[in-house]
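**Q** starting from these lines, generate the structure:
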Amino acid sequence: MSIIKIDMNSPEFQEEMQKTIKFTDKVIKQFNWEYNPQAEINEGVQMGLARNKMMYNKRFCPCFMVEVVDEKPRSVEDRICPCKPALEHEIPEEGVCHCQIFCTPEFAAAKRVELGMEEVVHTHSRGLTKEECQVLVNQREIDGDELIALIEARDLGMVSFKIVDVREHMEWQMGHITGADKLIPTSSFFQTLDDAKLDKNENIILYCHVGSRSAHCARILGDMGYTKISNLTHGIVSYGGPKER
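**A** Take a look at the predicted model:
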């Protein structure tokens, strides 16, 4: 089975995308929420919802793996937008849903302030030693700034690892981390994993949109005997380094 590809420029996808935008607009109005002030997050989630609607005929949350069991697709934790965990726990308790598209007015206001005041929190002018690189790349969870530092070190030949994107082909086309080595979409994970020919003993860093699918895939790879798997904790939305289409 090959990678499932949906042409985001096709009339069919553009029509479904417009329907999805109307859908998320309706959800926002119904629950008195707001969109995340970061427009690229909203667009990415909307495109994922539209893709899942075309692939599975349901707007499964794009941040969680969809599995087909007995020819019926189902989402991990039954995440269908607007999902029950977001309604009952995430937004009331944290102010934002897991995918970060829907948030309370208070969260949105605070995020706008944060974005306006945001400065570079981590600097890498000092660089990393080889020992620091190895300790960092062996962590199970790394953040965006740590990945930037590791990529800089890899470019200098100080450390070796593979970066694997587990989002879908369409998301990869929209933008992926510069230096990403492989695309192994969750919708065809086991089939494309064989083609990727990853070494079970090499360091592998997984990422997705906000870290959920990649965390799930990390657990699967661990069960399969891969020994050095790391997860980009908050996904590509938290990554401030170079990206390319």
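**Q** pLDDT wise, what is Pro73 at?
**A** You'll see Pro73 listed with a pLDDT of 80.
**Q** tell me how far it lies from Gln30.
**A** 25 Å (Cβ to Cβ, to the nearest Å). (C-beta placed from N, C-alpha, C; glycine too.)
**Q** so for those two, which sits in the more crowded spot?
**A** Shown here are Pro73 and Gln30; by other Cβ atoms under 10 Å, Pro73 has more neighbours (15 against 9).
**Q** so what's that one up against?
**A** The contact partners of Pro73, by Cβ atoms under 8 Å, 6 or more residues apart in numbering, come to 55-56, 58, 60, 66-67.
**Q** could you redo the last one with a cut-off of 6 Å?
**A** Contacts for Pro73 (Cβ atoms under 6 Å, 6 or more residues apart in numbering) come out as 56, 66.
**Q** A strand includes it, no?
**A** Yes - checked against DSSP: H, G, I helix; E, B strand; the rest coil, Pro73 lies within a strand.
**Q** check the gap between it and Asn203 for me.
**A** In terms of Cβ to Cβ, Pro73 sits 32 Å off from Asn203.
**Q** and for Ile80?
**A** 35 Å.
**Q** same check, this time on His209
**A** As judged by Cβ to Cβ, His209 and Asn203 stand 22 Å apart.
**Q** higher neighbour count, these two?
**A** His209 (25 against 20).
**Q** need the nearest residue in space to the more buried one, chain neighbours excluded.
**A** Once flanking residues are discounted, His209 sits nearest to Gly235: 4.8 Å by Cβ to Cβ, 6 or more residues apart in numbering.
**Q** what of Pro62?
**A** Gly48 (2.4 Å).
**Q** ok, Met158 - contacts?
**A** Residues counted as contacts of Met158 (Cβ under 6 Å, 6+ apart) are 130, 133.
**Q** picking up where we left off before, how many neighbouring residues does the residue nearest to His209 have?
**A** Neighbour count of Gly235, defined by other Cβ under 10 Å: 26.
**Q** check Phe189 too.
**A** For Phe189, the tally of surrounding residues (other Cβ under 10 Å) stands at 17.
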